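**Student:** Got a predicted structure here, sequence first:
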Protein chains: 2
Amino acid sequence: MGSVRLSDAEWRVMNEVWSRSPASARDVLEGVAEETGWAYSTVKTVLARLVEKGALSSRLRANTTLYEPVVTREQARRSALSSLLESAFGGRASSLVQHLLDEERLSGRDRSELTQLLQSEAAKGSEREGASNDA
Amino acid sequence: MGSVRLSDAEWRVMNEVWSRSPASARDVLEGVAEETGWAYSTVKTVLARLVEKGALSSRLRANTTLYEPVVTREQARRSALSSLLESAFGGRASSLVQHLLDEERLSGRDRSELTQLLQSEAAKGSEREGASNDA
DNA sequence: CATTTTCTTCTACAACTGTAGAAGTAGACA
DNA sequence: TGTCTACTTCTACAGTTGTAGAAGAAAATG
């Protein structure tokens, strides 16, 4: 019930639809044209595949098809993340975060957001110290 | 120079080779059989593709081909991570970590490793407070 | 040496991806 | 109403991935 394997092209399109839903093919194209240079029919094809997969729904307004997300960004993220976690990090979340901290080129903004986040989370962690610890 | 796009099957195989390098096709198969039930020739095909891609090197010992990593686990992880980061999290590392913390099912072990990690990192963060912050 | 085992290389094939052209159709405008 | 415009659906095609059978060659075994 929760697996929405998205390809790169599909992520691009979904990202558009998530931010400007409901979206027409034209809308998506506009949002994506700059970076991709895609043809209109390319967008249309990807959209169709996403509907087939159940990631989007489509309805008709006048002669134009409008698309809306069925799968949420959260769901898609979760599933992508957990699949990467599994295949690439042997399921170790800490390993993944470690990597992110050590190796990834983070912007200043990222770094401060992260620090923020980590501090509050670490706080929560020690509050909870000694509590039952299993999932 | 650093892009090693690995597919799921390729991750499986690479994981074997990384842990028991140099590895023969048979070695890989043994490591992977339990979970996948793959045929020998499947392993062989994936190995061949990995050599083609430059992720593995192969040399002959007697009549058997031995495979060794060319790409390190770190490199592969980095590239997978950064591509996920890009497509799924708009490049926001903090978003990704947030997600991991909120949404992912983490084991107790994971959680404590993470907390550990986060605490020390947060510490580093505040030490550095007020320093120049750009990448 | 004949046979069995173990490797190897070739070939295959269906599903999924990236990308798009062509041709048809409905609505807008002169 | 005829013509342009903006949509739509179909079809295509090459590359990647998952998965494996078949047939050939070398090594081990009796």
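**Tutor:** In hand now; what should we look at?
**Student:** tell me which element the closest residue to DNA strand D within chain A falls in.
**Tutor:** Residue of chain A nearest DNA strand D, by C-beta to the nearest atom of the strand: A:Thr65 (3.2 Å). The way it works is simple: take the backbone N, C-alpha and C, and place the C-beta from them, glycine included. Following DSSP states H and E, one finds A:Thr65 within strand A:64-69.
**Student:** Now do the phi/psi pair for the most centrally placed residue in chain A.
**Tutor:** In chain A, the residue lying closest to the centroid (C-alpha atoms, centre = their mean) is A:Arg77, at 3.9 Å. A:Arg77 adopts backbone torsions of phi -60, psi -50, taken as degrees, to the nearest 10.
**Student:** Tell me how far it lies from DNA strand C.
**Tutor:** A:Arg77 sits at a distance of 16 Å from DNA strand C (criterion: C-beta to the nearest atom of the strand, to the nearest Å).
**Student:** quick one: pLDDT of that residue?
**Tutor:** Confidence at A:Arg77, expressed as pLDDT, is 96.
**Student:** Check which residues of stretch A:39-48 are buried.
**Tutor:** A:42-44, A:46-47 (16 or more other C-beta atoms under 10 Å in any protein chain shown).
**Student:** ok, of these, which one's closest to A:Thr115?
**Tutor:** A:Val46 (37.1 Å; C-beta to C-beta).
**Student:** Check the closest one and give its pLDDT.
**Tutor:** 98.
**Student:** Can you confirm whether stretch A:16-36 lies near DNA strand C?
**Tutor:** Yes. Under the criterion of C-beta under 7 Å from any atom of the strand, DNA strand C is reached by stretch A:16-36 at A:Thr36.
**Student:** Check which helices and strands the helix or strand hosting A:Arg59 is in contact with.
**Tutor:** Assessed by DSSP H and E, A:Arg59 sits inside strand A:56-61. Packing partners of strand A:56-61 (3 or more C-beta pairs under 8 Å, 6 or more residues apart in numbering or on different chains; DSSP states H and E): helix A:40-53, strand A:64-69.
**Student:** In CSV, could you pull the C-alpha coordinates for the shortest one?
**Tutor:** These are the backbone C-alpha positions of strand A:64-69, laid out as CSV (Å, rounded to 0.1, in the frame of the first residue of the first chain):
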residue,chain,number,x,y,z
THR,A,64,-7.9,20.4,-20.6
THR,A,65,-6.8,17.6,-18.3
LEU,A,66,-6.0,18.7,-14.7
TYR,A,67,-3.8,16.6,-12.6
GLU,A,68,-3.7,16.2,-8.8
PRO,A,69,-1.5,14.2,-6.5
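**Student:** Okay, now the sheet partners of that strand, with direction.
**Tutor:** strand A:23-24 (antiparallel), strand A:56-61 (antiparallel) (DSSP bridges).
**Student:** Averaged pLDDT, it. What do you get?
**Tutor:** For strand A:64-69, the per-residue pLDDT values average out at 97.
**Student:** Using neighbour counts, pick out the buried residues of stretch A:106-117.
**Tutor:** Buried residues in stretch A:106-117 (16+ other C-beta under 10 Å): A:106, A:110-111, A:113-115, A:117.
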